[in-house]
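> Let me see the structure of the following:
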Amino acid sequence: MDTIVNLLSIATIVAQIFVILSIISWLFGFRRNETHKYISERRLFFAFLVALIATLGSLYFSEIAGLEPCKLCWFQRIFMYPQAVILLVAYLKKDEGIGKYSLSLSAIGILFSAYHIYVQQVNAPTMCLASGPTCEVPEFLKYGYITIPVMAFTAFSLIITLFTIYRKSSDNL
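You can find the predicted model right below:
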């Protein structure tokens with residue numbers, strides 16, 4: 001389990017750096033460079049990869065590592081899992097109109113992730129059942145801040161970034 005957690009944690013940090021650099025480049029108007037164009041043209045594929053990795057990582061934690069998901073984890077999964085499928089279909093069909101649907105799912109999912117992070121940080125009481133897994137205690141803590149909800153928050157942030165900052169001029173979001 002440690003190897004997978006380490007890989008996903010490093011991927012989380014790389015994704016966070018990408019989101020921050022994307023926001024900075026957007027703020028300073030670097031939207032016409034080759035990197036921006038490259039990412040914009042492939043954003044459906046990248047968004048699909050993010051959703052697929054998040055889904056497979058989540059399934060790894062519950063089905064292979066044996067970490068039972070809490071209620072908040074389930075809500076985050078509800079908004080990530082369908083994206084792996086719809087983004088794959090959109091990519092295969094070259095359907096750029098999927099952005100508004102993916103943004104909607106990601107916006108709701110990021111709220112659950114943010115709340116879950118808050119619950120873990122302040123050990124606040126939640127809707128988790130006393131008999132089930134708890135939302136308050138992280139299953140692991142990597143690099144001093146990375147937990148499963150932080151990974152989910154980052155994945156949702158990355159998808160939102162891909163469909164907002166890297167949107168094409170023809171997008172009507």
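> Pull out the buried positions in the helix or strand of the chain with the lowest mean pLDDT.
Ranking every helix and strand in the chain by mean pLDDT, DSSP states H and E puts helix 34-41 at the bottom, with a mean of 89. Under the neighbour-count criterion of 16 or more other CB atoms under 10 Å, helix 34-41 has 36, 39-40 buried. Bear in mind the C-beta positions are built from the backbone N, C-alpha and C, glycine included.
> Could you export those as TSV, including distance to Ile23?
As requested, the buried residues of helix 34-41 are exported to TSV (distance: CB to CB, whole Å):
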residue	distance to Ile23
His36	13
Ile39	13
Ser40	15
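> Low-confidence stretches in this structure?
Low-confidence segments of the chain (pLDDT under 70): 31, 126-136, 168-173.
> Can you show me the helices along it?
With DSSP state H as the criterion, the chain has helices at 2-27, 34-41, 43-59, 71-93, 99-122, 148-164.
> got the angle between the third one and helix 71-93?
So the one you mean is helix 43-59. 150 degrees (axes from the mean of the first three to the mean of the last three CA atoms, to 10 degrees).
> Please save the CA atoms from helix 43-59 in CSV.
Output of helix 43-59 as CSV, limited to C-alpha atoms (Å, rounded to 0.1, in the frame of the first residue of the first chain):
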residue,chain,number,x,y,z
ARG,A,43,-7.9,18.7,-22.3
LEU,A,44,-10.5,16.1,-22.8
PHE,A,45,-7.9,13.4,-22.7
PHE,A,46,-6.2,14.9,-19.7
ALA,A,47,-9.5,15.3,-17.8
PHE,A,48,-10.3,11.7,-18.6
LEU,A,49,-6.9,10.6,-17.2
VAL,A,50,-7.5,12.6,-14.0
ALA,A,51,-10.9,11.1,-13.5
LEU,A,52,-9.6,7.6,-14.3
ILE,A,53,-6.7,7.8,-11.9
ALA,A,54,-8.9,9.2,-9.2
THR,A,55,-11.5,6.4,-9.7
LEU,A,56,-8.9,3.7,-9.8
GLY,A,57,-7.1,5.1,-6.8
SER,A,58,-10.3,5.2,-4.9
LEU,A,59,-11.1,1.6,-5.9
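> what does that helix contact?
Here helix 43-59 makes contact (CB atoms under 8 Å, 6 or more residues apart in numbering) with 4, 8, 11, 15, 39, 69, 73, 77, 80-81, 83-84, 87-88, 90-91, 94-96, 98, 102, 148, 151-152, 155, 158-159, 162-163, 166-167.
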